[in-house]
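>>> predicted model follows, preceded by the sequence.
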Amino acid sequence: MSAYQREVQIALEAVTSAAVLCQNVRQGDDFVALAKSDKSPVTVADFGSQAIVCRAIRAAFPRDLIIAEENADALRTEDQAPLLARVVAEVKKVVPSADEAQALAWIDAGISRDAAPRVWTLDPIDGTKGFLRGGQYAVALALIIDGQIEVAALACPALDDEGSIFWAVRGVGAFQRTAAGDKPIEVTSTSNSAKAALCESVESGHSDHDQSAKIAAALQIARPSVRMDSQAKYAAVARGDADIYLRLPTIAGYQEKIWDHAAGALVIAEAGGKVTDIDGQPLDFSLGSMLKNNRGVVATNGRLHDAVIAAIAKA
Ligand SMILES: Nc1ncnc2c1ncn2[C@@H]1O[C@H](COP(=O)(O)O)[C@@H](OP(=O)(O)O)[C@H]1O
Ligand SMILES: [Mg+2]
Ligand SMILES: [Mg+2]
Ligand SMILES: [Mg+2]
């Protein structure tokens, strides 16, 4: 029996149910998007997905803490009664017995922010802008034990025809779940940067496109960069669709959030790749909700890593 079998099973069931909720919402015509205080969007599906996943974690592992992106504060205000009603209706499609009080409590189960010996981190929809524009998005869940990511479950509902699900356990491997079973995934073996495929955010506010073009030129990368929303980029590198994922800071001092990276980072590491910050330092997941000790992210197939870090240092 492999390590963390129960955690993997619960995590995969949770992200799969959450992905169903997200796709249900996407197939409708009203996402009920709301702008958060930082102007970023949140939709009925972000809240619904967080409710579904936190419910599952709470039920299976009642003592574990959860650091998730959203909270139910906005939904508890009178103004947002129609949004709350939509969230509850969508949650009920997946969990018929759910009621309003439960939905709110499940969402708020994810409000931890501090480090803990055993803590899950959840992005209920990573790439909300991608979700809204019909692009890629992901439901990303990871278990961090003593600061190390041990388990990852990553649902990419808009990847491939039917959506794709990836998972990884530290020291065990990275897999794509298919109808025919779990298929191990592996990064490419490209060591010639001129032949590499580079991916980055669609949003130039999330990763500096001008800077990445300079770095690509320095590495003699011939192909145009592939722009994709969400942690689907990590999946793309992990299974060999791309060789490099760059996330270059656009604002000095921006701290990355752990839920934007934990699941994807373990999937790439277990697929044989490498993930660091732009200075080549390992991402430090031991500090609570933020990657306080890191700037940006560089993920590669491993072989290209040193060359990419060197090109960034020069640029
Ligand atoms: N200035 C910034 N720099 C880097 N990432 C940012 C950012 N502002 C927002 N983000 C993050 O970028 C994530 C999306 O990444 P990507 O561009 O790869 O799709 C968002 O996740 P959410 O969509 O979950 O809010 C958000 O957390
Ligand atoms: Mg967000
Ligand atoms: Mg995110
Ligand atoms: Mg999100």
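Yep, it's here. Numbering: from 1, shown residues only. Ligands and ions are numbered 1, 2, ... in the order given.

>>> outside of the host helix or strand of Thr16, which residues touch it?
Using DSSP states H and E, Thr16 sits in helix 5-27. Residues from elsewhere that reach helix 5-27 (Cβ atoms under 8 Å, 6 or more residues apart in numbering): 31, 43-45, 48-50, 52-53, 56-57, 60-61, 90-91, 93-95, 124-125, 131, 137, 139-141, 143, 150-155, 157, 163, 165, 167, 169, 177. (Each C-beta comes from the backbone N, C-alpha and C, glycine too.)

>>> so does that helix get close to ligand 1?
No: using Cβ under 6 Å from any ligand atom, helix 5-27 stays clear of ligand 1, with a minimum separation of 12.1 Å.

>>> for Ile67, which three-state class applies?
The three-state assignment at Ile67 reads strand, by DSSP: H, G, I helix; E, B strand; the rest coil.

>>> that older thread, for the helix holding Thr16, buried residues please.
Within helix 5-27, the residues scored as buried using 16 or more other Cβ atoms under 10 Å are 7-8, 10-12, 14-22, 24-26.

>>> tell me the mean pLDDT over that helix?
Averaging pLDDT along helix 5-27 yields 97.

>>> follow-up on the earlier one: now, which of the contacts of helix 5-27 lie within strands?
124-125, 139-141, 143, 150-155, 165, 167, 169, 177 (DSSP state E).

>>> near ligand 4, from these?
Ile125 (Cβ under 5 Å from the ion).

>>> and the ones in strands among the contacts of helix 5-27, which are buried?
Using 16+ other Cβ under 10 Å, the buried members of the ones in strands among the contacts of helix 5-27 are 124-125, 139-141, 143, 150-155, 165, 167, 169, 177.

>>> show me which residues of the stretch 201-315 of the chain sit near ligand 3.
So far as Cβ under 5 Å from the ion goes, the stretch 201-315 of the chain lies against ligand 3 at Asp260.

>>> so which residue of the stretch 201-315 of the chain comes closest to ligand 4?
Trp259 (7.0 Å; Cβ to the ion).
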